[in-house]
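Student: generate coordinates for the sequence data below:
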Amino acid sequence: MARKKQGYIKGTFTHRRTEADYMGVLLDAVPLEEWREVVSATVAAAKAGDATARAWLAQYLVGKPVATAPAPLTVVVQQLSGRDPLVDKLAKPHIERAEYPSLHADDDFKDALKARVADELRALEAQKSNTPEAGADADRTRLSADSSAS
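Tutor: The predicted structure is shown next:
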């Protein structure tokens, strides 16, 4: 006998648990100093010959290769023509900016805004790292506010 196919619930919804929520909990549970100790122990284990520790460090420090090696014919053609794909890739945004200035008229403005946002995030991170008890105080304040409201 055939099974009846289950249908999906129609409508929109948001996930209660997201990757960002889990990452936030992880960052709260493992402060940077403790993580530094874990990494230091891993470096020591890798130096002592632990292949798993070496592989883990290499994965994060060097990363997995994302590109495949070019075909030998491609390399020969590039050498004979004098083209360098890296130079082409790095020069492309500058060439486009010179060829199409109207498309890039507000790039400086956008770059300045991105720099300001990055500076604010760094300042908040520095402020957060200078006050490690802030999270505990906030929890105590929240608990006292909840108890007085009851």
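Student: from here on, just use CA atoms for contacts and neighbour counts.
Tutor: Will do.
Student: what average pLDDT does stretch 91-106 get?
Tutor: Taken as a whole, stretch 91-106 has an average pLDDT of 89.
Student: and the contacts of whichever helix or strand Ser40 is part of?
Tutor: Applying DSSP states H and E as the criterion places Ser40 in helix 32-47. By CA atoms under 8 Å, 6 or more residues apart in numbering, the surrounding residues in contact with helix 32-47 are Thr52, Ala53, Arg54, Leu57.
Student: again, 10 Å this time
Tutor: If you take CA atoms under 10 Å, 6 or more residues apart in numbering as the criterion, helix 32-47 is touched by 27, 30, 48-57, 129.
Student: check which element follows that helix along the chain.
Tutor: Counting by DSSP H and E, the next helix or strand C-terminal to helix 32-47 is helix 51-61.
Student: list the contacts of that next one.
Tutor: Counting by CA under 10 Å, 6+ apart, residues outside helix 51-61 touching it are Val39, Ala41, Thr42, Val43, Ala44, Ala45, Ala46, Lys47, Ala48, Gly63, Lys64, Pro65.
Student: roughly how far is that helix from the heart of the chain?
Tutor: Using CA atoms, centre = their mean, to the nearest Å, the mean C-alpha position of helix 51-61 is found 18 Å from that of the whole chain.
Student: cool, and stretch 80-99?
Tutor: That offset, for stretch 80-99, works out to 27 Å (CA atoms, centre = their mean).
Student: residue ranges in the chain under the pLDDT threshold?
Tutor: Residue ranges of the chain with pLDDT under 70: 1-17, 132-150.
Student: if we use 50, what do you get?
Tutor: Within the chain, the segments meeting pLDDT under 50 span 134-136, 138, 141-142, 144-145, 149-150.
Student: quick one, helices of it?
Tutor: 19-29, 32-47, 51-61, 72-81, 85-99, 107-130, 134-149 (DSSP state H).
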